[in-house]
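Engineer: structure for the following, please:
(one chain, ligands or ions: 2)
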Amino acid sequence: MSLLLAMTGWHVEDWRARFKAELPDMPVVILGEAFDRRAVHYVASWKHPPGSLAGLPNLAAIFSLGAGVDHLMSDDRLPDVAIARVVDPDLTTRMSEYVVLHCLMALRQQRRYDAQQRAASWEDDRNQPAARSVRVGVMGLGELGLDAVRKLRIIGFDVAGWSRSPKAVEGLATFAGTDGMAAFLARTDILVCLLPLTPDTRGVIDATLIAGLARDGRLGGPFLINAGRGGLQVEADILAALEAGALRAATLDVFETEPLPAESPLWSHPAVTVTPHNAAMSEPEAVASLIAAQIRRLEAGEPLEHVVERGRGY
Ligand code: NDP
Ligand code: OXD
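Structural biologist: Residues are numbered from 1 along each chain as shown. Ligands and ions are numbered 1, 2, ... in the order given. The predicted model follows:
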């Protein structure tokens with residue numbers, strides 16, 4: 001019985017070392033090397049080549065090495081076995097750090113002061129809104145969204161959330177579905193996107209959505225932070241909105257094409273902050289330990305945790 005590591009873009013040997021430490025009795029094989037396909041009972045995947053998991057007759061479960069599973073769902077030859085994803089306090093904490101950092105960057109106008117410092121320009125500015133007067137809207141109230149909401153509220157931001165199904169969270173204004181979207185956007189100065197990429201959410205951050213954001217806020221125009229997936233955003237619409245002043249600034253961790261192509265205008269746009277899809281990295285030690293625990297659970301006849309619902313795509 002073996003575990004197959006099937007990944008692109010990450011250092012597979014780091015992961016193999018971690019899994020071997022966690023599962024000393026289980027052979028850990030790597031896609032691309034010779035291995036016995038019949039012996040593979042488990043797969044840990046990050047962006048495996050589509051079709052490469054077909055023909056594993058004894059496969060029992062697939063583990064996503066990240067929180068997102070769009071990389072699995074896009075494989076139309078994915079074996080029909082249980083899929084579990086990462087839900088891990090280490091990853092969740094990293095994402096909330098990212099969200100809080102970039103909301104505070106917007107609130108405290110840090111990009112502007114960076115530019116002023118480069119120009120040795122002292123411009124006294126008494127317009128410093130309090131966090132409580134800035135409305136943050138978090139799209140996605142799952143593991144990551146709810147933790148970000150909690151930490152943003154500790155800072156004092158006026159936070160609301162939007163999800164697919166209605167949610168009741170004490171003291172939080174919540175909105176759901178397409179019916180709730182317009183009201184949610186209309187009270188949003190900083191939009192934080194922590195949605196999964198599914199057929200329903202692809203391209204959701206477009207010109208129409210941006211046009212629905214609040215114009216009467218204390219920041220002088222809406223800000224966008226997307227750390228969900230690049231497929232959620234229409235980059236041409238974001239750039240056009242920045243040019244037209246419909247959007248004040250954007251912080252993007254994810255892109256339609258990754259790595260972000262060198263010729264993308266996003267790199268050099270003065271109102272865009274680019275990070276290389278590392279808002280919340282999967283840390284091998286934490287994630288291998290979590291998946292090893294899942295495998296031990298299955299071996300003991302217990303149910304998997306954090307199972308993905310294939311029908312809804314997340
Ligand atoms: P969850 O599955 O826990 O939460 C997803 C949330 O999105 C839920 O609240 C869900 O609604 C909502 N949602 C899904 N579809 C829709 C829809 N059509 N309309 C409105 N709301 C919708 O996911 P996580 O919080 O764990 O992760 C979210 C995403 O973050 C991942 O899928 C991944 O793409 C991204 N991510 C990015 C990372 C990075 O480094 N940039 C790192 C880790 C994750 P409901 O509650 O009703 O089900
Ligand atoms: C994830 C990611 O989905 O790193 O975990 O993007």
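Engineer: would you map the helices across the stretch 1-150 of the chain?
Structural biologist: 12-22, 70-73, 89-107, 110-118, 143-155 (DSSP state H, counting those that start in this stretch).
Engineer: output the second one as CSV, nothing but the C-alphas.
Structural biologist: This points to helix 70-73. Extracted C-alpha coordinates of helix 70-73, given in CSV (Å, rounded to 0.1, in the frame of the first residue of the first chain):
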residue,chain,number,x,y,z
ASP,A,70,-10.2,23.6,-8.3
HIS,A,71,-7.0,22.0,-9.5
LEU,A,72,-8.6,18.6,-8.9
MET,A,73,-12.1,19.5,-10.3
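Engineer: which strands or helices does that helix pack on?
Structural biologist: With contacts taken as 3 or more C-beta pairs under 8 Å, 6 or more residues apart in numbering; DSSP states H and E, helix 70-73 sits against strand 40-46, strand 61-64. Bear in mind the C-beta positions are built from the backbone N, C-alpha and C, glycine included.
Engineer: go on, the last one?
Structural biologist: For helix 143-155, the helices and strands in contact under the criterion 3+ C-beta pairs under 8 Å, 6+ apart are helix 89-107, strand 135-139, strand 158-163.
Engineer: contacting residues around the residue of the chain found nearest ligand 2?
Structural biologist: Nearest residue of the chain to ligand 2, counting by C-beta to the nearest ligand atom: residue 66, 2.6 Å away. Neighbouring residues of residue 66 by C-beta atoms under 8 Å, 6 or more residues apart in numbering: 46, 85, 86, 282.
Engineer: neighbours around the residue of the chain found nearest ligand 1, how many?
Structural biologist: Residue nearest to ligand 1 within the chain: residue 142 (1.7 Å; C-beta to the nearest ligand atom). Neighbour count for residue 142, taken as other C-beta atoms under 10 Å: 17.
Engineer: that one contacts residue 165, correct?
Structural biologist: No - using C-beta atoms under 8 Å as the test, residue 142 is too far from residue 165 to be in contact (10.7 Å).
Engineer: on that earlier part again, who are the neighbours in contact with the residue of the chain closest to ligand 1?
Structural biologist: 163, 194, 196, 314.
Engineer: list just the nearest of those residues to residue 227.
Structural biologist: The nearest member of the contacts of residue 142 to residue 227, counting by C-beta to C-beta, is residue 194 at 6.2 Å.
Engineer: sorry, back to before: and which of the contacts of residue 142 is nearest residue 238?
Structural biologist: residue 194 (16.9 Å).
Engineer: circling back to that earlier point, make a markdown table from the contacts of residue 142 and add pLDDT and distance to residue 265 to it.
Structural biologist: Formatted as a markdown table, the contacts of residue 142 follow (pLDDT from 0 to 100; distance: C-beta to C-beta, whole Å):
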| residue | pLDDT | distance to residue 265 |
| --- | --- | --- |
| 163 | 98 | 32 |
| 194 | 99 | 25 |
| 196 | 98 | 27 |
| 314 | 97 | 30 |
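Engineer: returning to what we had before: any chance of the helices and strands packed on helix 70-73 in JSON lines, with mean neighbour count and distance to residue 174 too?
Structural biologist: Putting the helices and strands packed on helix 70-73 into JSON lines (neighbours: other C-beta atoms under 10 Å; distance: least, C-beta to C-beta, whole Å) gives the following:
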{"stretch": "strand 40-46", "mean neighbour count": "24", "distance to residue 174": "32"}
{"stretch": "strand 61-64", "mean neighbour count": "24", "distance to residue 174": "27"}
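Engineer: residue 202: which of the ones you listed is closest?
Structural biologist: That would be strand 61-64 among the helices and strands packed on helix 70-73, by C-beta to C-beta, at 18.5 Å.
Engineer: pull up the pairing partners for the closest one, direction included.
Structural biologist: Here strand 61-64 is paired, per DSSP bridges, with strand 40-46 (parallel), strand 82-84 (parallel).
Engineer: can you list those strands in CSV and add distance to residue 200 and mean pLDDT?
Structural biologist: Formatted as CSV, the strands paired with strand 61-64 follow (distance: least, C-beta to C-beta, whole Å; pLDDT from 0 to 100):
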stretch, distance to residue 200, mean pLDDT
strand 40-46, 23, 98
strand 82-84, 18, 98
